[in-house]
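S.K.: next come a sequence and a model predicted from it.
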Amino acid sequence: MGDSDQGTPQDDGRSLVEKFDQRLNQLIHAHYPNERTRPGFARLAAEVREVTGRSISATYLWELSTGKKRNVTLEQLGVLAEFFGVPPAYFLDDQVAERIGEQLALASALRDAKVRDLAMRSAGLSSVSLDAILAIVEEVRKVQNLPEVQRPDSFDPGS
């Protein structure tokens, strides 16, 4: 991912406005990982109203998530950020979105009891042992044709 001369990294060539739908959908999927129980836009709008005390229409949410509407107001941006527990910059800044995306992926992985069990059992092992386990996991991922997982340079749970 490189910085363009315009100042904002645009790794896929899409403008911030064009990425809004992708980022909103990432939050919806992370918040509601089970596709069968994921709410429709009417229920999602009701939940947003209950949590934030502010309204956003189901139609507007659908339009934003499909890219049909791209003129999100700062007020609606704030409502969505508050509901999903992200800073408003998540929708506007590639670096913030990338960092939060990594945190969402980690949270999603930790929902799986077996992943949590593996992590808990790995605690306290030597660095050499952890590297060996990681190598095994990488090989199994290759066998199962799963994509490589990018390791974050450093993980700060407080960020």
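M.R.: Yes, it's here.
S.K.: for the spatially most central residue of the chain, which non-adjacent residue is spatially closest?
M.R.: With distances taken as C-alpha atoms, centre = their mean, residue 101 lies nearest the centre of the chain, 3.6 Å away. Distance criterion C-beta to C-beta, 6 or more residues apart in numbering; nearest residue to residue 101, sequence neighbours excluded, is residue 26 at 6.4 Å. C-beta here means a position set from N, CA and C on the backbone, and glycine is covered the same way.
S.K.: contacting residues around the helix or strand containing the one you found?
M.R.: Residue 26 belongs to helix 16-31 when elements are defined using DSSP states H and E. Under the criterion C-beta atoms under 8 Å, 6 or more residues apart in numbering, residues 8, 12, 14, 38, 44, 64-67, 70, 72, 80, 84, 86, 90-92, 94, 97, 101, 104, 107-108 lie in contact with helix 16-31.
S.K.: gap between it and the chain center?
M.R.: Distance, stretch centre to chain centre, for helix 16-31: 8 Å (C-alpha atoms, centre = their mean, to the nearest Å).
S.K.: and the helix or strand just after that helix, what does it pack onto?
M.R.: Sequence order places helix 41-52 as the next helix or strand after helix 16-31, per DSSP H and E. Here helix 41-52 touches helix 58-66, helix 74-84, going by 3 or more C-beta pairs under 8 Å, 6 or more residues apart in numbering; DSSP states H and E.
S.K.: in the last one, what's buried?
M.R.: Residues of helix 74-84 classed as buried by neighbour count (16 or more other C-beta atoms under 10 Å): 76, 77, 79, 80, 81, 82, 83, 84.
S.K.: how about the first one, what does it touch?
M.R.: The contact partners of residue 76, by C-beta under 8 Å, 6+ apart, come to 56, 60.
S.K.: go with 10 Å
M.R.: Residue 76 makes contacts with 48, 54, 55, 56, 57, 60, 61, 64, 69, as judged by C-beta atoms under 10 Å, 6 or more residues apart in numbering.
S.K.: go on, the last one?
M.R.: Residue 84 makes contacts with 23-24, 26-28, 30-31, 48, 51, 90-91, 100, 104, as judged by C-beta under 10 Å, 6+ apart.
S.K.: give me that answer again for 8 Å
M.R.: By C-beta under 8 Å, 6+ apart, the contact set of residue 84 is 27, 31.
S.K.: pLDDT below threshold where in this structure?
M.R.: Applying pLDDT under 70 to the chain flags the ranges 1-18, 151-159.
S.K.: and residue 47, how many neighbours does it have?
M.R.: Counted with other C-beta atoms under 10 Å, residues neighbouring residue 47 total 14.
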